[in-house]
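1. just coords:
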Ligand SMILES: [Zn+2]
C-alpha cells in the first residue's frame, strides 16, 4: 500500500492525546474509513432537495453537500420541520455547533403565535398562595 503524507493541525490537548497513541496514522486511517460510511458526497434525498432546496437533515448517511459541517442537532431539525427556521439558519446552526461556538443546543427564542405563551413564573403563584393563606387566617 502506498502512503500519502498529509499534515493535520492539532491543538495542544489533541497533540498530547496523539503523542500517547501507538500508531496515530493507522488510527486516523481507520477513523476516516468509519466516517466515510456516515456521509454521502451526493445528495441523499433528491425529492426533498427539489421541494425544499435542501436534503433531509435526519437522513443517514448525511448529505455532505447540504450539511458539510455535520448533522444538525435534533432540536434544530425539529424547528426546521416546524417551519420556524429557514434552511440557511439550519445550516448555519450546524456549522456554529460543529465549530464549538455553541456547545449545547440552547432554546431558540422565536416569536410565533403558534407556540404556547411562556408560563407564568412560579414565584407569583407562591405569593398569591401565601397572601390567600394569610387572609384566610383572619376569617
Ligand atoms: Zn444534499
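-> Perfect, I can see it now. Computed from a predicted model, the values in this text were never measured in an experiment. Residues are numbered from 1 along each chain as shown.
2. give me every residue in this structure lying close to the ion.
-> When proximity is defined by C-beta under 5 Å from the ion, the chain lies next to the ion at 43, 55, 63, 65-66. Backbone N, C-alpha and C define where each C-beta goes, glycine included.
3. go again using 6 Å as the cut-off
-> Within the chain, the positions near the ion by C-beta under 6 Å from the ion are 43-44, 49, 55, 63, 65-66.
4. report the buried members of those residues.
-> With neighbours counted using 16 or more other C-beta atoms under 10 Å, those contain these buried positions: 43-44, 49, 55, 63, 66.
5. what's in contact with stretch 64-76?
-> If you take C-beta atoms under 8 Å, 6 or more residues apart in numbering as the criterion, stretch 64-76 is touched by 39-43, 49, 54-55, 57-58, 62, 80, 85, 90-91, 93-95, 97-99, 105, 108.
6. repeat that with 6 Å
-> With C-beta atoms under 6 Å, 6 or more residues apart in numbering as the test, stretch 64-76 has contacts from 39, 41, 43, 54-55, 57, 62, 90, 93-95, 98, 105.
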